[in-house]
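1. Have a look; sequence and predicted model below, questions after that.
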Amino acid sequence: MARVLTEKDVESAVRGGAVYAAGGGGWVHHGRMLGYAAVNAGAPELVSVDELHEDDWVATAAAIGAPASTTPWEMRGVDYVKAVQLLQDALGAKVAALMIGQNGKSSTLNAWLPSAILGCKVLDAVGDMRAHPTGDMGAIGMAGKPDESIQTAVGGNREQNRYIELVARGATGRVSPILRTASDMSGGFIASARNPVRAGYVARNAALGGISRALELGHAIIAAEPKGTAAVLDAIIATTGGTILTESEITAMDVVYTNEAFDVGTVTLGAGDKALTLHVMNEYMAVSAADGSRLATFPDVITTLSQEMEPLSVGELRVGMKVHLLHVAKALIPVGAGLMDPAIYVHPEKVMGINLTDYALAV
């Protein structure tokens, strides 16, 4: 399947990734910046894990922060490249390929620029098909392991002297909060390269084909646009297999930014006994009905779509806005092995005050 990613793929990656962003996953303008910079700087090549040697090193290219645009973040394309360089220096070996922790408006493209500049491949694998709040959720099973790993972070608001370069070693679950703190200190959004593992481990634990799925969805959306918004919605539903839980007005929002670089709270759609509550931790993590019953839970895809069928991040929502709520059940998407670890749900459950584990791990 190896092929060079081109300018035509940039918009598809952004558009498809935006649906899988689930209310987070970065920013459209940032994704376009990364994609066009990559295809103009070199020839980023998308490969499957079968095209790597089992003992090749694979690392995860990621961005860490809160997506609601409530902070003075600044992250440049060069920060993603520097993060990979720092990881290779600490590892003492070249990374053969970069995967991503999650899909999103920009996160689908996190590996493209380092690939174009440094010559590594873009691996068609994700830690999580949809966007998520913690690094552990995209760590393909590394979060609960005591083994030492390497994580780097680069970026920050230069004008406010917030630029940071960080290399941390230690168990993944211990180091990830350090990078989250660095993100907050840098202005709320920082580039990262993390958790180098062998390709054989990725083959057994990642959600394979995740980038191709985002590209496929993006192509379908773009092809449907000349036919109008109804056709775009039909294309999204047909390609993902999802359903629309509601088309309702946003009647309340209570989302705040925390010093852990999370946007946390709730969004209410509709009113009375038909009201639905979106539980937010950077992304939409669950949907509850008015009677408290659970309609959707991470790692299901939960996405708000505008009347123009644009996927909306939490920070783009406003009271009075009418949205469609898309739900794609986890059975319809590849799920990485790391999402089956109960330990990764402990912190989000504490922050949001809701049960995720019982729903997320249910067969």
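-> Great, that's in hand.
2. Setting aside sequence neighbours, what's the nearest residue to E310?
-> A18 (7.7 Å; C-beta to C-beta, 6 or more residues apart in numbering). C-beta coordinates here come from the backbone N, C-alpha and C atoms, glycine included.
3. Next, the buried residues of the helix or strand hosting that neighbour.
-> Here A18 sits within helix 7-20, counting by DSSP states H and E. For helix 7-20, the buried set under the neighbour-count rule, 16 or more other C-beta atoms under 10 Å, comprises 9-20.
4. helices or strands up against it?
-> helix 28-41, helix 210-224, strand 301-305 (3 or more C-beta pairs under 8 Å, 6 or more residues apart in numbering; DSSP states H and E).
5. Identify all contacting residues around the second one.
-> Contacting residues not belonging to helix 210-224 are listed as 1, 9, 11-17, 19-20, 46, 100, 103, 108, 122, 124-126, 129, 231-232, 234-236, 238-240, 309, 333-334 [C-beta atoms under 8 Å, 6 or more residues apart in numbering].
6. quick one: buried residues of the next helix or strand after it?
-> Counting by DSSP H and E, the next helix or strand C-terminal to helix 210-224 is helix 229-240. Using 16+ other C-beta under 10 Å as the test for burial, helix 229-240 gives 229, 232-233, 235-236, 239-240.
7. can you list contacts of helix 229-240?
-> 19, 216-217, 220-221, 223-225, 242-244, 301, 305, 307-309, 324, 326, 328, 332.
8. if you set the cut-off to 10 Å instead, what comes out?
-> For helix 229-240, the surrounding residues in contact (C-beta atoms under 10 Å, 6 or more residues apart in numbering) are 15-16, 19-20, 213, 216-228, 242-244, 247, 301, 303, 305-311, 324, 326-329, 332-333.
9. which of the residues you listed count as buried?
-> Using 16+ other C-beta under 10 Å, the buried members of those are 15-16, 19-20, 213, 217-222, 224, 242, 301, 303, 305, 309-311, 324, 326-328, 333.
10. and V122, how far is that from L46?
-> Distance of V122 to L46, given as C-beta to C-beta, to the nearest Å: 5 Å.
11. List the residues that are in contact with both of these two.
-> Common neighbours of V122 and L46 (C-beta under 10 Å, 6+ apart) are 4-5, 97, 111-112, 115, 211.
12. nearest to A61, of those?
-> Using C-beta to C-beta, A111 comes nearest to A61 of the shared contacts of V122 and L46, at 4.1 Å.
13. What's the local residue count around that closest one?
-> The burial count assigned to A111 is 30, neighbours taken as other C-beta atoms under 10 Å.
14. Same check on E260?
-> 17.
15. Make a ChimeraX selection of whichever of the shared contacts of V122 and L46 turn out to be buried.
-> Listed next is the ChimeraX selection for buried residues among the shared contacts of V122 and L46, using 16+ other C-beta under 10 Å:
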select :5,97,111,112,115,211
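16. in this structure, which spans are helices?
-> In the chain, the segments counted as helices under DSSP state H are 7-20, 28-41, 77-91, 112-118, 172-186, 199-205, 210-224, 229-240, 346-352, 357-360.
17. quick check, distance from the helix or strand of the chain with the lowest mean pLDDT to the centre of its chain.
-> Across the helices and strands of the chain, mean pLDDT, DSSP states H and E gives its lowest value to helix 172-186, namely a mean of 90. Chain-centre distance of helix 172-186: 16 Å, with C-alpha atoms, centre = their mean, to the nearest Å.
18. And for stretch 303-312?
-> Remark: stretch 303-312 is offset 17 Å from the chain centroid, using C-alpha atoms, centre = their mean.
19. Please work out the angle formed by the directions of the least confident helix or strand of the chain and helix 77-91.
-> 150 degrees (axes from the mean of the first three to the mean of the last three C-alpha atoms, to 10 degrees).
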